[in-house]
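Undergrad: what's the 3D shape of this:
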Amino acid sequence: MLFCIDIGNTNTVLGVAAEDRILNHWRIRTEKDLTADEFGILINNLFRASGIRPENVKHMIVSCVVPPLLSTVEELAARYLNVKPMIVTSELNTGMPILYDNPKEVGADRIVNSVAAYEKYRTALVVVDFGTATTFDCVSQEGAYIGGAIAPGVTISCEALFLKASKLPRVEIFARPKKVIAKDTVSSMNVGIVYGYAGLVDGIVNRIKKEAGCELKVIATGGLAPLICEESETIDVVEEFLTLEGLVIIFKRNQ
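TA: The predicted structure follows:
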């Protein structure tokens, strides 16, 4: 079995794969001060609840945008799983040329998403990932990563409203608005987030298409992707497990 970990600034996604198939997956909150022992106990509990024996995990691959946690993950891998993790970087064989001024600046999660999307659709595309930041990653028809855009994520935007506007509450749960002209504060913020981010996505994607000069497949992933997709005019499909699938692909390419 292959154990996949995608560590983001807000959430960490875990998955166990076998024969190119994701067997189990979990989403937990990223804790930057988590020790290797705490992480190991958590993973053992998740494995036990899903009927997975830790000794059956023979390999591990990690995508991480929180550098302080890399040493924690390496210690966890050695102590609890007896494996050496493969760490995703731009220098790894991803099978995708990174046409960025400085390839090392591209987040591991952005590379992984792009690899998975191109492997699945084999066409020019844009991946929109609703994470801590909302990222737009462009892949050419030939399968090269050609760049993208980064906007503040939904959580960051809501937290900024809560911190900077004294009368606005913290809103963490969003739903499809019943109407645009809302009658209470929480509903008004919900409208602003859902329709605001749908508009943000459509605006940036349309500009990307215009600059690229061709039609692009638009793939969304991340926690709020299904909700925003309902209101977006440009998102074609939501891929819930894009990052985990990308980790599996990159692991195979480096064997």
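Undergrad: packing partners for the helix or strand containing Arg48?
TA: Assessed by DSSP states H and E, Arg48 sits inside helix 36-49. Contacts defined by 3 or more CB pairs under 8 Å, 6 or more residues apart in numbering; DSSP states H and E place helix 36-49 against strand 11-18, helix 68-76. C-beta here means a position set from N, CA and C on the backbone, and glycine is covered the same way.
Undergrad: which other helices and strands contact the last one?
TA: Packed against helix 68-76 by the contact rule (3+ CB pairs under 8 Å, 6+ apart) you find strand 2-7, helix 36-49, strand 59-64.
Undergrad: give the next helix or strand downstream of it.
TA: Helix 68-76 is succeeded, C-terminally, by strand 86-87 (DSSP H and E).
Undergrad: list of residues touching that next one?
TA: The contact list for strand 86-87 (CB atoms under 8 Å, 6 or more residues apart in numbering) reads His59, Met60, Ile61, Val62, Cys64, Leu70, Leu92, Ala108, Ile250, Phe251, Asn254.
Undergrad: just how off-centre is the helix-or-strand element of the chain with minimal mean pLDDT within its chain?
TA: Scoring the helices and strands of the chain by mean pLDDT, DSSP states H and E places helix 154-164 at the bottom, with a mean of 89. Relative to the chain's own centre, helix 154-164 is displaced by 20 Å; criterion: CA atoms, centre = their mean, to the nearest Å.
Undergrad: which parts of it are buried?
TA: Val154, Thr155, Ile156, Ser157, Cys158, Leu161 (16 or more other CB atoms under 10 Å).
Undergrad: show me where the stretch 51-200 of the chain has strands.
TA: 59-64, 86-87, 125-130, 133-139, 145-152 (DSSP state E, counting those that start in this stretch).
Undergrad: give the rounded mean pLDDT of the last one.
TA: Right, strand 145-152. Throughout strand 145-152, pLDDT has a mean value of 97.
Undergrad: format the CA atom coordinates belonging to stretch 39-46 as PDB.
TA: The C-alpha coordinates for stretch 39-46 follow below in PDB (Å, rounded to 0.1, in the frame of the first residue of the first chain):
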ATOM      1  CA  PHE A  39       0.700  12.500  14.200                       C
ATOM      2  CA  GLY A  40       1.600   8.800  14.500                       C
ATOM      3  CA  ILE A  41      -1.100   8.100  17.100                       C
ATOM      4  CA  LEU A  42      -3.700   9.900  14.900                       C
ATOM      5  CA  ILE A  43      -2.800   7.900  11.800                       C
ATOM      6  CA  ASN A  44      -2.800   4.600  13.700                       C
ATOM      7  CA  ASN A  45      -6.300   5.400  15.000                       C
ATOM      8  CA  LEU A  46      -7.500   6.300  11.500                       C
END
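Undergrad: go ahead and name everything in contact with that stretch.
TA: Leu14, Trp26, Ile28, Pro54, Thr72, Val73, Leu76, Arg79, Tyr80.
Undergrad: which of the residues you listed sits closest to Pro177?
TA: Pro177 lies nearest to Ile28 out of the contacts of stretch 39-46, by CB to CB, at 29.0 Å.
Undergrad: what's the local residue count around the nearest residue to the closest one once chain neighbours are set aside?
TA: Nearest residue to Ile28 in three dimensions, chain neighbours excluded: Thr12, at 5.2 Å (CB to CB, 6 or more residues apart in numbering). For Thr12, the count of nearby residues is 23 (other CB atoms under 10 Å).
Undergrad: wait, Thr12 touches Arg29, no?
TA: Yes. The pair Thr12 / Arg29 is scored as a contact, 7.4 Å apart, by CB atoms under 8 Å.
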